[in-house]
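*Asks:* Sharing a sequence plus its predicted fold:
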Amino acid sequence: MTDSLLDNRTEPITATDDEIRAAVEGAHQSSFLPALLPALAHATGDDSILVESLRPDGTMIRDESAGLTPKQAADIRQITVETLIEVRDGVRIFVDEATKSEIDTEQLRRLMSFATGEPIDADYVPLMREELSVTGDDLRAPQWRAEELAPGRSFPVAIIGAGMSGILAGHRLRQAGVDFVIYEKNHDVGGTWLENTYPGCRVDVSNHVYSYSFAQRNDWPYYFSPQPELLDYFRTCADEFGIREHIRFGHAVTAMTWSEDADVWILEIDGPEGESTTEFNAVISAVGQLNRPNMPTIDGMDDFGGPSFHSAQWDHDVDLDGKNVVVIGAGASAVQFVPHVAERATHLSVLQRTPNWFVPVPTYHESVADGLQWLFRHVPGYAQWYRFWLFWRSSEGLLPACEVDDGWDDLSLSTGAANAELRALLEQWLYLCYADRPDLHDTVRPMYPPASKRIVLDNGSWSTALKRDDVTLDGSPIARIEADAVVTADAEGHETRHAADVIIYATGFQASKFLTPMHVVGSGGRDLHEVWNGDARAYLGVVHPGFPNFFLCYGPNTNIVVNGSIIYFSECEVHYALGVIEMLLRNGRTAADCRQDVHDAYNERVDAGNLKMVWGVSTVNSWYKAESGRVAQNWPFSLLEYWQQTRTPDPTDYHFG
Ligand code: NAP
C-alpha cells in the first residue's frame, strides 16, 4: 500500500467472524445499506445476493432508513457478513477488476435500480457508469492525443486558476498531450479550499460525491470533511496528476485580448518578476466564482476602531478570546464558523439580514464510522457504489420540490405542492431547534419559499450557538458602525447597540461579477464585461460568441441549488472545452467561435427554465440573481441534460477560423 490519498486498493479479509460482524454492525446508520448488496453482487459476480425482498423503497430514498425496515436492515447485514466470511475462506472470490469493469449496461442498470429502489432510466446508465468509476477507470479521459490529430502543431493553452477546476483542466490537457500553463495568483493550489480557512470550514456536499469521478478517495475521514482535508486532496491530485510543474504560482492574469490577425489570446500577466505578455491558442478560465469577497457599504464602517475582516480572508492573528465580536451576515459561511467564535468570544452578536432554511443532517460533523471504513477497505467497489447511491439520492429527485406549480397563486411562502411540503418539513426542524426559545421564532423563520436561496446543512450546532446566553441574534437592519459598536434599528426605529472589539464580515461573494477583475477583450475589441453589462451569460456556461477559443469553468448558469456537486459540472465543462480543442486540432482550424443565435436560443431556454423554479420567481435577495433580477447562476434542468449537452460539441454551433 502506498500512502496516497487516492490509493483505493482493497485489502484481503483476514478478520475473524466476530470482527467482520462487528465491522458490519458498526457501520453506523442505515444509509450505507442500500449500496451494499449491489456492491457485493458486482464484486462477486453473483446476482443471487440481490434478494428481492431487501430492495430499498425508492420513494423513501432521502429518508435516513432508505425505507428499509429494521428486519430488512438486519438481513442485509447478515448476508454481508456471510458473504465476507465466504470470501475470506475462499468459498467465494471477488472477481478481478477487468471482469468488474466489463459489466454490461443492463446488468449495471439492474444493480443501480436495486440500490435506489426505483427504475433507472437507460439514459442515465452511461452517465452513472462514469460517475461510479467502479474500477478506478477514468471514463472521461480524452480519447485523443494532440500529436496524433495535429502532428507538429503547437497549440499552447493557458489555464487561469489552480483550484478544483484548474487542476482538472490541466489533468485533461496533459492526458491529451496538449501544452499548457496554469497561472495561479496564490502560492499553492486549492482555490477556495486554500483561501477559506475560517474555523469550522467544511464541505457541505457528501465527501464521497465531492471528489473527481476519476480520482475518488475511499477513506474520507468525515462524511463532510473539514477544509484541511479538502486542501490535502486537491494538493495530492495536483501532485499525482503531474501538473504542479505546469503552474506559475503568484501569477495573476490581469487582461486577455483576442488577436484576430493571429487567432491567439494575448495574456497580460502580473507576477513576481513584474508584468509580462504571452500568447496562447486557447484559454480556460478556472478562476472560481465564489471567491471575490463582497464587502457591504455601511455608514461609519471606516471609523471602526478594532480589527475587521471578511470570512474568506480570516485573520488568524486576531485573538477572539474575551472579545466582543460582531458577525455581519448569516449565510453558509457564518453558519459554519459562528459556533466556534461563540466558544471564544465574551459576547457574540450575529446580525442576520435574511434567515436561512436548514436541512437536518445529523452526520454533518461526524467522522465516518469505523465499520464503514472497514467495508470500504475490504469490499472492492463498495465506496464507489456508496458514492453512486449518495449521488442518486441528491440528484434529480429533489428538483420537483423546487418547481413552480401552474396556478399556484401565492408565491411568497411556497411555489407549489412539493415546495410547500418541503417547507413544512424544514419548518418542523426549525421549531424543534428553537422549541425552547419561542422568542427567536420570528427572527429565524424564513418568510420565503425554501430553495430560493441555498438551503444550509445543519446538525443543530447553529441554533445551539444562537441560543447561548452570550450570543445575540439580531434580525434588524444595520443602521451604522461606530468606533466600538455596530448599531441596528428595527422597523419602529428602536436602536440596539452591539459592542464590538472585532467585526467579521460573513457577507458572501461578488458572485455575479464573473471573471472580475480580469479584462477580457474579444473579436472587434469587445469587452466581455461591457457585453455582459452585469448580467453574464454563456452557451452551456462555457463559451461566448465573439470570444473564440475561450472556455469558462463555473460560468453563468452552471450552479446547482439542491442537486449534485459542482465537481460534476466542472467535469462536464472541461470535457466540453477539450472537445472543442479536439475539433480545432482535428480539422486544422485556428478559432472556434460560438454562434450568436445558438447562444441566444440556449439562454432563452435557460431563462425560461429558471422562471419555472423557485429561485427564479422568489423575490428574496440571493446571490443566484444578477442585479437585473435575472438568474445568472443556476442550471434549472437535470444533471443528465447538462451531461448530454456537454458530451460532444456540435460543430454546427460554431463559426471556425
Ligand atoms: P452568502 O450565503 O451569500 O451569505 C452572505 C450573508 O451576508 C447573508 O446572510 C447576507 O444576507 C449577508 N449580507 C450580505 N450583504 C449584507 C449587507 N450589506 N448587510 C447585511 N448583511 C449582508 O455567503 P456565504 O455564507 O459566504 O456563502 C456563499 C456560498 O458559498 C454559499 O451559498 C455556498 O454555495 C458556498 N459556501 C459553501 C460552503 C461549504 O460548502 N462548506 C461554505 C460556505 C459557503 P442576505 O441573505 O439577506 O443576502
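*Replies:* In hand now; what should we look at?
*Asks:* got the contact list for Ala342?
*Replies:* Leu348, Ala465, Arg468, Asp470, Val471 (CB atoms under 8 Å, 6 or more residues apart in numbering). Where C-beta positions appear, they are placed from N, C-alpha and C, glycine not excepted.
*Asks:* Please indicate which of these are buried?
*Replies:* Buried members of these, counted by 16 or more other CB atoms under 10 Å: Leu348, Ala465, Val471.
*Asks:* Mark which of these are part of strands, please.
*Replies:* Assigned to strands by DSSP state E, the following of those qualify: Leu348, Val471.
*Asks:* As a quick check, tell me the outermost residue of the protein.
*Replies:* Val91 (42.4 Å; CA atoms, centre = their mean).
*Asks:* Secondary structure class of that residue, three-state.
*Replies:* When classified by DSSP: H, G, I helix; E, B strand; the rest coil, Val91 comes out as coil.
*Asks:* Which residues of the stretch 501-650 of the chain lie near the ligand?
*Replies:* Contact residues (CB under 6 Å from any ligand atom) of the stretch 501-650 of the chain with the ligand: Ala506, Thr507, Gly508, Phe509, Asn621, Trp623.
*Asks:* any chance of the residues you listed in TSV, with secondary structure and pLDDT too?
*Replies:* TSV is the format used below for those (DSSP: H, G, I helix; E, B strand; the rest coil; pLDDT from 0 to 100):
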residue	secondary structure	pLDDT
Ala506	coil	98
Thr507	coil	98
Gly508	coil	97
Phe509	strand	96
Asn621	coil	92
Trp623	coil	95
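*Asks:* Now the buried members of these.
*Replies:* For those, a burial check counting by 16+ other CB under 10 Å picks out Ala506, Thr507, Gly508, Phe509, Trp623.
*Asks:* list the contacts for the fourth one?
*Replies:* By CB under 8 Å, 6+ apart, the residues touching Phe509 are Gln289, Leu290, Asn291, Arg292, Pro293, Asn294, Ala312, Trp623.
*Asks:* Next up, phi/psi of the residue nearest to it when sequence neighbours are not counted, please.
*Replies:* Of all residues beyond its chain neighbours, the one nearest Phe509 is Leu290 (4.4 Å), with distances taken as CB to CB, 6 or more residues apart in numbering. Main-chain dihedrals, Leu290, degrees, to the nearest 10: phi -110, psi 60.
*Asks:* need the contact list for Leu290.
*Replies:* Thr192, Gly508, Phe509, Ala511, Trp623.
*Asks:* which ones are touching the residue of the stretch 51-200 of the chain found nearest the ligand?
*Replies:* Residue nearest to the ligand within the stretch 51-200 of the chain: Asn196 (7.1 Å; CB to the nearest ligand atom). The neighbours of Asn196, taking CB under 8 Å, 6+ apart as the test, are Gln227, Ser311, Ala312, Trp314, Ser333.
*Asks:* try Leu33
*Replies:* Applying CB under 8 Å, 6+ apart, the residues contacting Leu33 are Pro56, Ala66, Leu68, Ala73, Ile76, Arg77.
*Asks:* same thing but at 6 Å, please
*Replies:* Leu68, Ala73, Ile76 (CB atoms under 6 Å, 6 or more residues apart in numbering).
*Asks:* For Thr2, report the pLDDT, please.
*Replies:* Here, the pLDDT recorded for Thr2 equals 55.
*Asks:* interface residues of the chain facing the ligand?
*Replies:* So the chain meets the ligand at 202-204, 290, 296, 328-334, 336, 353-354, 454, 478, 506-509, 621, 623 (CB under 6 Å from any ligand atom).
*Asks:* Phi, psi for His655 please.
*Replies:* phi -100, psi 130.
*Asks:* and it, how many residues sit next to it?
*Replies:* Neighbours of His655 under the rule other CB atoms under 10 Å: 13.
*Asks:* now it, which residues is it bridged with?
*Replies:* Asp593 (DSSP bridges).
*Asks:* Show me how to select, in ChimeraX, the buried members of the contacts of Asn196.
*Replies:* Filtering the contacts of Asn196 down to the buried ones (16+ other CB under 10 Å) takes a single ChimeraX command:
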select :227,311,312,314,333
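*Asks:* now His35: how far from Ser452?
*Replies:* Not quite, residue 35 is Ala, not His. For Ala35, the distance to Ser452 equals 32 Å [CB to CB, to the nearest Å].
*Asks:* higher neighbour count, these two?
*Replies:* Ala35 (30 against 27).
*Asks:* how far away is the residue lying closest to Pro649 once chain neighbours are set aside from Gly525?
*Replies:* Excluding the flanking residues, the one nearest Pro649 by CB to CB, 6+ apart is Gly579, at 4.4 Å. Here Gly579 is placed at a distance of 28 Å from Gly525 (CB to CB).
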